[in-house]
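Enquirer: starting from these lines, generate the structure:
(2 chains)
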2 protein chains.
Amino acid sequence: MLFSDLKISTSKNFSSDGDCKNADLLFRGGFVEKVSSGVFAFLPLGIIVLRKIENIIRQEMDQAGCKEILMPALIPRQNLQKTGRDNVDVIFWPKENTALGFSHEEIVVPLAQNLIKSFRDLPAAFFQIQTKFRQEKRSKSGLLRGQEFIMKDAYSFHSDQKSLEDFYQKMAGAYFRIFEKCGLNVKKIQSGGGDFSEKISHEFSVICEVGEDEIIFCRKCDWGQNSEIFKNQTACPVCGGEISKQKAIEVGNIFDLGQKYSRDFGFELLDQNEKKFFPTVGCYGIGITRVLGTIVEIFNDEFGIVWPKSVAPFLATLVCIGDKNLDLAQELSEKFSEKILFDDRKISPGKKFADADLIGCPLRIVLSEKLSAQNLAEIKFRSSGKIEKVKITEIPKFLETEN
Amino acid sequence: MLFSDLKISTSKNFSSDGDCKNADLLFRGGFVEKVSSGVFAFLPLGIIVLRKIENIIRQEMDQAGCKEILMPALIPRQNLQKTGRDNVDVIFWPKENTALGFSHEEIVVPLAQNLIKSFRDLPAAFFQIQTKFRQEKRSKSGLLRGQEFIMKDAYSFHSDQKSLEDFYQKMAGAYFRIFEKCGLNVKKIQSGGGDFSEKISHEFSVICEVGEDEIIFCRKCDWGQNSEIFKNQTACPVCGGEISKQKAIEVGNIFDLGQKYSRDFGFELLDQNEKKFFPTVGCYGIGITRVLGTIVEIFNDEFGIVWPKSVAPFLATLVCIGDKNLDLAQELSEKFSEKILFDDRKISPGKKFADADLIGCPLRIVLSEKLSAQNLAEIKFRSSGKIEKVKITEIPKFLETEN
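Expert: Residues are numbered from 1 along each chain as shown, chains lettered A, B, ... in the order given. Here you go, the predicted structure:
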């Protein structure tokens, strides 16, 4: 792909998001534009990264047996009244009796009620990748907290608690794989429930100084809790290990919603003994745009973003010094249009190097007249800064194997 | 794919959309659910069709050189004030100073202004596939007129009128190909301009009795106009041929917006002689959910939907009579999971046949014990009703060639 084709416009200026690193770097690298507080537009480079994250998620949801649907953003007030959530203060009300969806339990439960007519249809699970809206007084964390953001939300329906718990574990496994594929090191932290009064829930959190959450976790085992539910203890209640407190970003969450929502909508089925029951419901969210912002918060240095390979917009930025290798550069760029971003701008190599670092593709390939006289090209690894020389003829092989 | 996996729930009952054929058939076939007036949820079967239409459009937009972006639904009032469109009566206002996007000129023009710094960057074109919102007093046409709907909108920027006109023609060509691939026979009809006062625009319309538009067109040449701009004439102004008046559905439109929006936002560039100019802007829309609704309005019969192959959820529905061929059916369904929808429900063959007709895949394959004794299967073509017998061993070849 050509730099000029994507109309990438990098910037030396910081965005207006103050000291918010993800918004600054994504803006300066030409990935997003801020439209208003907590509202962003995704530019061609940003779209590529967004789609890669979405595809990682979609693949795992398919594997887990969730079927993709798409629910509307406009939600009737009466649906929210049934669950008592019409007073949630983050809701936008474009009309008196119509809310903008901040979550979709109130749509998916009556929908499942229409689709699922027998206990034999259970378990059933649906997911969507869709835009959510939440009024936020302060939206100063770039993509970490938006007024409009893209979310994957999934909902599962079960005939009993055991079935929900099995699926809950399956989804937790899918979540670990999703975040790992995105390069994120997450901790699964209990965020609610665990006593008799409340159903259990977990969040998947990435330790990060700018996070709004505070998590407590064991340094030895995998125990962890959100500080909001944490009861003062000095050691891990599971293994007695040392516990630690850190700021974290919540990138995903999973909830056992019990029968609340199926009761609210009168969603009843007959079991195999013809006895009525309310299906048990699970809910599973991932903030997709937040994941994108989190990746940038974690993977950056003084020069710009350092994308994990799996979500990088391209595998390599290609810079050509002098005109002699332009044809070769063009040819590589066409042959590997999804892997190579060829900086075809008429500016100095120094500026191109700076932008390659800012945009943050894993590799930077340089073709220079001096090196090509020896049939060589230079490859710089963005994360380590290490530079290697490779034979020009071996670049295609190099690109094919670096996946 | 298994019927039970997709949780398809067909219905004999009509939806609540009265005599609106597209909403009724899509609801009864298990493609969509109506959430409220003009607001729909897409179920797993509906998502498959939606994605096929989106991919046809995306491919042609890529070919035409449009780069994909994603703009927000939340639009600041001040942007709409700059163009004088803050009084448009279909706008939802979730907050006093925030509108829900009904179109995106007010976002894309300042965005282009940030990305495009030189006349050398022109022409440039961007598109998005995104959800739009328009308040509608009456939304009784199913997917033809929604309060929330999915649109592809593209915007192009040019240094002069000639460049815009070239691109306008290119996009018109792309539109013809898109609609043809979707099985729709469209007419390109002048919908505005043509005199000195107003810029030109065209709509792409499908003749259909339930359409809200009225178009006048020549029966001999390709001349046509929307009845709103038509000046009473008895013959075609181009070739003198007979003219005809018909109801039609507008599925796409293209506009020469001139310099209005670049002037409104003070988007100025220097030309090669260092003289200032306002880029000329073009705008190109396709109502994606409306295209889906239109396809259903056009392609149906008394038994259900008759999908064109290109957008059909599956190539074939597979019905197995008796248990003898269940393994074979399962095997075919797994091998051709994107082409075969295997009706694995425990209901009568008659009901499965009725649902196969209702859902409307191009082929229906029947495996029966009687036929399989002769190594044969039955294939029914949904559109013609024609039935053929094929050797069971030849089904895979048949599915691979039927594309």
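
Enquirer: tell me where the model's unsure across the stretch 301-403 of chain A.
Expert: Across the stretch 301-403 of chain A, the stretches falling below the confidence threshold (pLDDT under 70) are A:402-403.

Enquirer: ok and the residue in it nearest chain B?
Expert: Using Cβ to the nearest Cβ, the point where the stretch 301-403 of chain A gets nearest to chain B is A:Lys346, with a distance of 8.8 Å. Quick note: C-beta positions are derived from backbone N, CA and C, even for glycine.

Enquirer: so what's the residue count around that residue?
Expert: Number of residues near A:Lys346 (other Cβ atoms under 10 Å in any protein chain shown) recorded here: 6.

Enquirer: where's it relative to B:Gln272, distance?
Expert: As judged by Cβ to Cβ, to the nearest Å, A:Lys346 and B:Gln272 stand 14 Å apart.

Enquirer: also A:Tyr284?
Expert: The separation that A:Tyr284 has from B:Gln272, given Cβ to Cβ, amounts to 56 Å.

Enquirer: what about A:Phe157, which helix or strand?
Expert: Under the assignment given by DSSP states H and E, the secondary-structure element containing A:Phe157 is strand A:148-158.

Enquirer: quick one: strands adjacent to that strand?
Expert: Strand partners for strand A:148-158, identified by DSSP bridges, are recorded as strand A:124-133 (antiparallel), strand A:280-287 (antiparallel).

Enquirer: between those, which gets nearest to B:Lys245?
Expert: For the strands paired with strand A:148-158, distance to B:Lys245 was read as Cβ to Cβ. The smallest value, 40.5 Å, belongs to strand A:124-133.

Enquirer: with just CA atoms, put that closest one into CSV.
Expert: The C-alpha coordinates for strand A:124-133 follow below in CSV (Å, rounded to 0.1, in the frame of the first residue of the first chain):
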residue,chain,number,x,y,z
ALA,A,124,-27.8,-20.4,23.0
ALA,A,125,-25.4,-17.5,22.7
PHE,A,126,-25.4,-14.4,20.5
PHE,A,127,-22.9,-11.6,20.0
GLN,A,128,-22.7,-8.3,18.1
ILE,A,129,-20.0,-5.8,17.3
GLN,A,130,-21.8,-2.5,17.6
THR,A,131,-21.6,1.1,18.6
LYS,A,132,-22.6,2.1,22.1
PHE,A,133,-23.3,5.5,23.6
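
Enquirer: the domain parsing of chain A - what is it?
Expert: Per the record, chain A has its domains at A:21-300, A:314-401, by automatic domain parsing.

Enquirer: any idea how far apart the tips of the shortest one sit?
Expert: Yep, that's domain A:314-401 we're talking about. Length of domain A:314-401, first residue to last, Cα to Cα, to the nearest Å: 14 Å.

Enquirer: roughly how far is it from the heart of the chain?
Expert: Relative to the mean C-alpha coordinate of its chain, domain A:314-401 is positioned 29 Å out (Cα atoms, centre = their mean, to the nearest Å).

Enquirer: quick one, helices of chain A?
Expert: Along chain A, counting by DSSP state H, helices occupy A:21-28, A:44-63, A:77-83, A:105-115, A:161-181, A:260-264, A:288-298, A:326-335, A:349-359, A:369-372, A:395-401.

Enquirer: so how far is B:Pro237 from A:Asp160?
Expert: Separation of A:Asp160 from B:Pro237 (Cβ to Cβ) stands at 72 Å.

Enquirer: if we can go back for a sec, lowest mean pLDDT across the helices of chain A, which one is that?
Expert: Mean pLDDT per stretch puts helix A:395-401 lowest among the helices of chain A, at a mean of 88.

Enquirer: show residues contacting that one.
Expert: Under the criterion Cβ atoms under 8 Å, 6 or more residues apart in numbering or on different chains, residues A:315-316, A:332, A:335-336, A:339-340, A:365, A:377, A:379, A:390 lie in contact with helix A:395-401.

Enquirer: for stretch A:345-362, same thing?
Expert: With Cβ under 8 Å, 6+ apart as the contact definition, stretch A:345-362 has outside contacts at A:3-4, A:8, A:10, A:25, A:28-30, A:45, A:299-300, A:303-309, A:312-317, A:319, A:321, A:341, A:343, A:364, A:366, A:381-383, A:402.

Enquirer: mind doing that once more with 6 Å?
Expert: With contacts defined as Cβ atoms under 6 Å, 6 or more residues apart in numbering or on different chains, stretch A:345-362 is touched by A:3, A:10, A:29, A:303-307, A:309, A:312, A:314, A:316-317, A:319, A:321, A:343, A:364, A:382.

Enquirer: can you flag the buried ones in these?
Expert: With burial judged by 16 or more other Cβ atoms under 10 Å in any protein chain shown, the buried subset of those is A:3, A:10, A:29, A:304-307, A:312, A:314, A:316-317, A:319, A:321, A:343, A:364, A:382.

Enquirer: A:Ile286 bridge partners, please.
Expert: Beta-bridge pairing for A:Ile286 (DSSP bridges): A:Lys152, A:Gly252.

Enquirer: for A:Glu250, see how far away it is.
Expert: A:Ile286 is 10 Å from A:Glu250, where distance means Cβ to Cβ.

Enquirer: what about the two, which has more around it?
Expert: Taking other Cβ under 10 Å, A:Ile286 and A:Glu250 do not tie; A:Ile286 has more neighbours (28 against 22).

Enquirer: using CSV, list the CA coordinates for stretch A:254-268.
Expert: C-alpha atoms of stretch A:254-268 as CSV (Å, rounded to 0.1, in the frame of the first residue of the first chain):
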residue,chain,number,x,y,z
ILE,A,254,-18.2,-11.3,32.1
PHE,A,255,-21.3,-11.5,34.2
ASP,A,256,-23.6,-14.1,35.5
LEU,A,257,-26.9,-12.2,35.3
GLY,A,258,-28.9,-15.0,36.8
GLN,A,259,-32.6,-15.0,36.0
LYS,A,260,-33.1,-11.2,36.5
TYR,A,261,-33.6,-10.3,32.9
SER,A,262,-35.5,-13.4,31.8
ARG,A,263,-37.9,-12.7,34.8
ASP,A,264,-38.2,-9.0,33.9
PHE,A,265,-39.4,-10.0,30.4
GLY,A,266,-41.4,-13.0,31.4
PHE,A,267,-39.1,-15.2,29.3
GLU,A,268,-40.3,-18.7,30.5
